[in-house]
Every structure is written in structure tokens, then in C-alpha cells.
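Q: would you be able to build a 3D model of this:
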Amino acid sequence: MADEIVRSLAYDGQVRVSSIVCTEAVEEARRRHQCSPTAIAALGRSMASTLLLSWGLKGEGSITMRVFGDGPLGGIICTADADYHVRGYVQEPQAELPLNALGKLDVGGAVGQGELYVAKDIGVGEPYMGSVPLVTGEIGDDVASYLMTSEQTPSVVAVGVLVDTDYHVRAAGGIIIQALPGAGDDILDDLEEKLLHVRPVSTLIDEGADAKEIIAQYLQGVDVQYLETHEVSWRCNCDRERIAALLKGLGKEELEDIREKEGHSEVICHFCNERYLFTDEELTALIEELAQE
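A: Predicted coordinates for the structure are as follows:
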């Protein structure tokens, strides 16, 4: 099943709903970073959440979500753009904990206590930045807390990653249901009742549900206005030219010192783990460019 995101409205436009399937993108992240099951569960939930929060991005707009907890995973950083490309990494991808009391991956324990930060540049006007303390570290609850604090919209956020016994990602995705201003208590009560009977989103995806079918499962019996569907994919915007610019940003003296001591420079992108090797000759060329500027 192809990765996709669906935007929709329900309850006569009083509720905004986004759902996503991003199994392939999360598996790409696992492969690049060689993540443990708990690490990819945390990273995959964060990637799904970042894409779900990207509603309204235009042109060169982007959104970045940072999860900084005191657990063994360290920091998690994900970013998505207006074309639904996503990338992300976890600081300690090999970190792992025993299963929790429910027999599930202990994402909350691995993330720990800390803060969730969101920086959103919709491509028009000044970027918005907000943060909230982590509620559970399970990611979904923390994003819901962020939406309530920053946008004053009661929200349900369900994100999940199902990891197979060989560690590859079998299913990943999520859903955000947001009650817009003016939504009545009857709608909130109806949503609460429906959510008591729905199965985990990763289970639905594993059984073959696409993004629209996830919404249909969560909002059974409700008329849904589907607005748009977009393909989702992993993509990192690093390339050799960008890395060269970063090296030049170190300055002429620093580059000369690297060339003299190391004879080369190897730069690894945190997001995609790609390695860029600059030889002695290439460093010399960068130094000469700086001298001419």
C-alpha cells in the first residue's frame, strides 16, 4: 500500500480530520538509522505526527517537531514540507527497553520526561513556534496536549508503528481529529463514544486499511467530506552542494586546519545518514573559493 495522507471535514465542517499511512517512509528511516524496535516506534510516531500537523503549509513552508526527553532515546527531530516529504532521526537509535506492563514497546519510558517543540512556517508571514511539557512520552498524547495548548482545539491524536519480529516496519500511520471552534458538546460526546470501540491505527493499516478507511473506522456512521489526498514519501534535502556550503561556513582558517591535520573531511547527515567525503583537493578548492569572496 502506497504512503498517503488524507485531509477531510466531518460533522458539517465542525471537525477537521487528517489521517496518514506512512509505512514505507518509516521503514526507510529504520533502515537508514538501523533503529531498535522501540526507537523506530518513537521515531515513526513522530514522523506521522509531523506530517499530520502540516495542514496549511504552502510553497517553501515546513514544519519541524522536536521531542527532547530524558529517556535513553535522547532527542527526536522530524521535519516535513508542503509537498509531504518527511525526514527524521533519533539521537540514540539503538536504545531499547523491556516491554511495558501491557506487553507493548515502552515508547513512553524510552522518551522520558521533557518538552515537545513545534516550529511551523506555513510559507506566509512569520514562523510560529510553540512548546509543551511531555505528558506521557507516547507522542500521540503529547501532540494532543500541544494542540490544546497552542490552538485551543480539543484533539484526538492516535499514531502507531507495528514492528515485525525481524525488526522491519509492518505498519505505520495515524489520525488527528480536531474539534473546531463552535463544535458542540454533543459532537464531542459522540466522538468519545466512537473512540471506545476503534482498534489501534497500526492494526488497521496492517490489515490493509488506507488513509480514507482509517477515517471511516474512527468515524463510523458520520458523513465525511474528503478534501484532498497526497502521496507521502521520505526525502532528505541534503546534497553535496549544501554540505560544501556548510564546510565553507566554517571559514578559511578552520578548513585549512582540517586539511592539514586530516587531509580530508567526512560529513554525515543526521537525518539520512548519508556520508559526504571531501578530499584534500576538494578542501583546497573550497579554501580558494573563500579566499576569492
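
Q: for the stretch 1-150 of the chain, which segments count as helices?
A: 23-33, 37-52, 107-111, 140-151 (DSSP state H, counting those that start in this stretch).

Q: let me see the mean pLDDT of the longest strand seen in the chain.
A: Criterion DSSP state E: the longest strand present in the chain is strand 169-179. Averaged across strand 169-179, pLDDT comes to 96.

Q: same check, this time on stretch 8-19
A: Stretch 8-19 comes out with an average pLDDT of 95.

Q: would you map the strands across the protein?
A: Under the criterion DSSP E, the chain contains strands at 4-10, 15-21, 62-69, 75-81, 85-90, 114-121, 128-133, 155-163, 169-179, 224-231, 233-234, 265-268, 275-278.

Q: now those as JSON lines including distance to G208?
A: Backbone N, C-alpha and C define where each C-beta goes, glycine included. As requested, the strands of the chain are exported to JSON lines (distance: least, Cβ to Cβ, whole Å):
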{"stretch": "strand 4-10", "distance to G208": "14"}
{"stretch": "strand 15-21", "distance to G208": "10"}
{"stretch": "strand 62-69", "distance to G208": "28"}
{"stretch": "strand 75-81", "distance to G208": "25"}
{"stretch": "strand 85-90", "distance to G208": "22"}
{"stretch": "strand 114-121", "distance to G208": "32"}
{"stretch": "strand 128-133", "distance to G208": "35"}
{"stretch": "strand 155-163", "distance to G208": "13"}
{"stretch": "strand 169-179", "distance to G208": "10"}
{"stretch": "strand 224-231", "distance to G208": "17"}
{"stretch": "strand 233-234", "distance to G208": "20"}
{"stretch": "strand 265-268", "distance to G208": "37"}
{"stretch": "strand 275-278", "distance to G208": "37"}
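
Q: possible to save these as TSV with mean neighbour count and distance to A41?
A: Listed next are those as TSV, based on neighbours: other Cβ atoms under 10 Å; distance: least, Cβ to Cβ, whole Å:
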stretch	mean neighbour count	distance to A41
strand 4-10	20	20
strand 15-21	26	16
strand 62-69	22	13
strand 75-81	22	11
strand 85-90	25	10
strand 114-121	18	16
strand 128-133	14	21
strand 155-163	24	4
strand 169-179	25	9
strand 224-231	13	24
strand 233-234	19	17
strand 265-268	14	24
strand 275-278	15	26
